[in-house]
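A.B. asks: Sequence below, structure please.
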Amino acid sequence: MQIILIKEAEEFSNIKSAWEVLCDELSDNVTAYSSFEWYNAWWHHYSAGELPLIITLWDAGKLVGIAPLMLRRATVHGLPVTAVCFMENNQSPHNDFIVVPAVREFFLREVMRVLFEQTGKARWDVAFFNKLPITSANHEVLLKVLADDGRKWRQQQVLDSRYLIPSGSWPEFLASRTSRTRKTLRNIQNSMQKAGSVSVRNIRTWEEFQQVREEVYSVAKQSWTEMHGDSIASRANKGFFDDLSLSVARKGWLSLWTLQLNGKMIAIEYHLRAYGKEHAMRGHYLPEFASLSPGTFLEMQILKNTFEEMDRVQKYDLGNFYDYKRKWTDHSEPHMAVSVFNNQLYSRFIALNETVTVPLLSRIIPQKFWSNILFKTCGINTNRLNIKQH
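C.D. replies: This is a model prediction of the structure:
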């Protein structure tokens, strides 16, 4: 077996075909966020001059493992670091290694060996494996490898991703929800239908996307997320979603849902549908129609379609945890951030700060002071309470 590092962006496209073959082989264990299409679009729009550090494993010329990593400058509670991390940002709901099960432990040991030996100790301070699902077999094996090798590491939960496994009929699913939820959904449906002519459309092709593109972005631009600069139409995101839509539509993975009221588009949901899974990425609606709960109405129609279609998905990913998603499912998937510290002196200082100093200060300083600008500057926050130390 051979380890090959990809350190230049120009080399990325050279393994496109092999990457696609590997994901197809691992279809039950990968998602659209594991695909070459996702990472290619992400790198083009969000890498901002960072350096790729993609670690690949080949067996007799066949790609059997990918660690989609990069080197970037970051800060850890105000301390500047050079970090190894997944190629990801806030647009990335899940991250993981892509590897054939038979070589999983061997590959993850090689990833650690490469990071600590081949890349040179002075090149990075901390490795962040962020948003790694706790249900991933790679998570358990990674922790075993770190423990076996005596590495300094810590992990903490960073998000809870809601999901459901469609089974039975739509009426049976509704019956499983609380009476309060069912009443709320009936009221929303009745209010929407009284408001006028309602239609829902599922956009699956690039040609269809081009027809509704401007209207979709117009809804996003007027949504509350645009106020925070993070709608799909925001300057930082629009090019990414254009390129992603083109590449995933070619694969048959685009699943854009739109809600029309009296011929006017009032809500959208941008989904990816690949490898038997549907992922709800982003949703937007026009604030002027907020009283009609267009987001919830559209979600209801999408889920109803999911239960009624013949070729239903195996898993419906509702995305990051929000209280309002409780009405759809009781199942959630914790995602972890695993941090690994290098052996050099500065890295050991960062490790001490992260595993001892910050958790200690978070416990002894009263909660009412946590929002104080001084303590924010010092890096004290409630997210540091649940830390597993080794």
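A.B. asks: other SSEs contacting the host helix or strand of residue 346?
C.D. replies: Under the criterion DSSP states H and E, the helix or strand holding residue 346 is helix 345-352. Contacting helix 345-352 under the criterion 3 or more Cβ pairs under 8 Å, 6 or more residues apart in numbering; DSSP states H and E are the following elements: strand 152-164, strand 331-341. (Each C-beta comes from the backbone N, C-alpha and C, glycine too.)
A.B. asks: Name the next helix or strand following it along the chain.
C.D. replies: helix 358-364.
A.B. asks: and residue 285, how many neighbours does it have?
C.D. replies: Here the count is done by other Cβ atoms under 10 Å, and residue 285 has 25 residues near it.
A.B. asks: What's opposite it in the beta bridge?
C.D. replies: Bridge pairing for residue 285 (DSSP bridges) gives the partners residue 267.
A.B. asks: residues in contact with it?
C.D. replies: By Cβ atoms under 8 Å, 6 or more residues apart in numbering, residue 285 lies in contact with 219, 223, 259, 266, 267, 268, 294, 295, 298.
A.B. asks: Next: residue 4.
C.D. replies: Contacts of residue 4 were listed using Cβ under 8 Å, 6+ apart, and they are 56, 58.
A.B. asks: quick one on the thing from earlier: for the record, mean pLDDT for the helix holding residue 346?
C.D. replies: Model confidence over helix 345-352, given as mean pLDDT, is 88.
A.B. asks: Specify the angle between that helix and strand 152-164 in degrees.
C.D. replies: With axes from the mean of the first three to the mean of the last three Cα atoms, to 10 degrees as the basis, helix 345-352 and strand 152-164 are set at 50 degrees to each other.
A.B. asks: Please work out which residues outside helix 345-352 touch it.
C.D. replies: With Cβ under 8 Å, 6+ apart as the test, helix 345-352 has contacts from 76, 79, 81, 125, 126, 152, 154, 341.
A.B. asks: Need the per-residue pLDDT for the closest residue to residue 6 other than its chain neighbours.
C.D. replies: In space, residue 6 comes closest to residue 54 once its chain neighbours are excluded; the distance is 3.9 Å by Cβ to Cβ, 6 or more residues apart in numbering. You'll see residue 54 listed with a pLDDT of 96.
A.B. asks: for residue 362, same thing?
C.D. replies: Residue-level confidence at residue 362 comes out at 69, pLDDT.
A.B. asks: Need the three-state assignment for residue 271.
C.D. replies: Using DSSP: H, G, I helix; E, B strand; the rest coil, the three-state assignment for residue 271 comes out as strand.
A.B. asks: Check the gap between residue 242 and residue 270 for me.
C.D. replies: Relative to residue 270, residue 242 is positioned 12 Å away (Cβ to Cβ, to the nearest Å).
A.B. asks: Looking at those two, which is more packed in?
C.D. replies: When residue 242 is set against residue 270 and neighbours are counted by other Cβ under 10 Å, the residue ahead is residue 270, at 22 against 17.
A.B. asks: wait, doesn't the more buried one sit right on residue 281?
C.D. replies: Yes - using Cβ atoms under 8 Å, residue 270 makes contact with residue 281 at a distance of 4.9 Å.
A.B. asks: Just give me the residue closest to the centre of this protein.
C.D. replies: Closest to where the C-alpha atoms of the chain average out (Cα atoms, centre = their mean) is residue 93, at 1.1 Å.
A.B. asks: which residues touch it?
C.D. replies: Residue 93 makes contact with 33, 131, 161, 279, 281, 317, 319, 320, according to Cβ under 8 Å, 6+ apart.
A.B. asks: Burial check on the third one, number of neighbours?
C.D. replies: Meaning residue 161. Tallying neighbours of residue 161 according to other Cβ under 10 Å, which is how burial is gauged here, yields 21.
A.B. asks: Where do the strands of the stretch 1-150 of the chain begin and end?
C.D. replies: Counting by DSSP state E, counting those that start in this stretch, one finds strands in the stretch 1-150 of the chain at the ranges 2-6, 51-52, 54-59, 62-67, 69-76, 79-86, 98-99, 126-133.
A.B. asks: Out of the ones you listed, which one sits most buried?
C.D. replies: strand 98-99 (a mean of 24; mean count of other Cβ atoms under 10 Å).
A.B. asks: counting contacts, what elements does that one pack onto?
C.D. replies: helix 16-25, strand 62-67.
A.B. asks: Count the neighbours of the closest residue to residue 262 other than its chain neighbours for me.
C.D. replies: The spatially closest residue to residue 262, leaving aside those adjacent along the chain, is residue 196, at 4.1 Å (Cβ to Cβ, 6+ apart). Under the neighbour criterion other Cβ under 10 Å, residue 196 is assigned a count of 11.
A.B. asks: go on, residue 106?
C.D. replies: Residues near residue 106, counting by other Cβ under 10 Å: 17.
A.B. asks: quick one: the residue lying closest to it once chain neighbours are set aside and residue 110, what's the gap?
C.D. replies: Nearest residue to residue 106, sequence neighbours excluded (Cβ to Cβ, 6+ apart): residue 1, at 7.4 Å. Distance check for residue 1 against residue 110: by Cβ to Cβ, it reads 8 Å.
A.B. asks: got a list of what the closest residue to residue 89 other than its chain neighbours touches?
C.D. replies: In this structure, residue 89 finds its nearest non-sequential neighbour in residue 46, 5.4 Å apart by Cβ to Cβ, 6+ apart. Residue 46 is in contact with 89, 91, 240, counting by Cβ under 8 Å, 6+ apart.
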